[in-house]
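>>> my questions are about this predicted structure, shown below with the sequence.
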Amino acid sequence: MFEEYGAKRNYGSLDQRDAMFRLVFDSAEKAAADANSASAVGGWLFWILAGSSSVPDYDGYTVYMSDSSTTQLIRVHARALQSIGNGTSAGLLQDANVSWR
């Protein structure tokens, strides 16, 4: 599990944050595809998702649902990781009570 990573909003542009997320997601997918490897990965957990811009960004790492480029990237890579895991995480997106469609 890659966990609690992120990029501060004031560090750079959302494009820079998206590039960093893409690097983590691609690395996780590559590691997950090799389930027999000691480096196998089952998922990722970035810090932190907020459904509304009314949620304060206390530490600068908040991903808001309105950050469309980032949330689209999350959708694509969540589905890719899910397909590598043969659907074993199929309920996680629904359990999170978030619509990723």
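Cool, got the structure.
>>> elements contacting the lengthiest helix in the chain?
Longest helix in the chain, counting residues (DSSP state H): helix 14-33. Helix 14-33 is packed against strand 2-5, strand 44-46, helix 68-84, with contacts defined by 3 or more CB pairs under 8 Å, 6 or more residues apart in numbering; DSSP states H and E. Where C-beta positions appear, they are placed from N, C-alpha and C, glycine not excepted.
>>> just send the ones you listed back as a markdown table, with distance to residue 30 and mean neighbour count too.
As requested, the helices and strands packed on helix 14-33 are exported to a markdown table (distance: least, CB to CB, whole Å; neighbours: other CB atoms under 10 Å):
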| stretch | distance to residue 30 | mean neighbour count |
| --- | --- | --- |
| strand 2-5 | 12 | 12 |
| strand 44-46 | 12 | 17 |
| helix 68-84 | 9 | 16 |
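>>> any chance of the ones you listed in TSV, plus distance to residue 24 and mean pLDDT?
Output for the helices and strands packed on helix 14-33, formatted as TSV (distance: least, CB to CB, whole Å; pLDDT from 0 to 100):
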stretch	distance to residue 24	mean pLDDT
strand 2-5	6	84
strand 44-46	6	88
helix 68-84	9	90
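>>> put together TSV for those, with distance to residue 20 on each row.
Listed next are the helices and strands packed on helix 14-33 as TSV, based on distance: least, CB to CB, whole Å:
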stretch	distance to residue 20
strand 2-5	8
strand 44-46	10
helix 68-84	10
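>>> what's the closest of those to residue 14?
Comparing these against residue 14 with CB to CB, the closest turns out to be helix 68-84 (5.7 Å).
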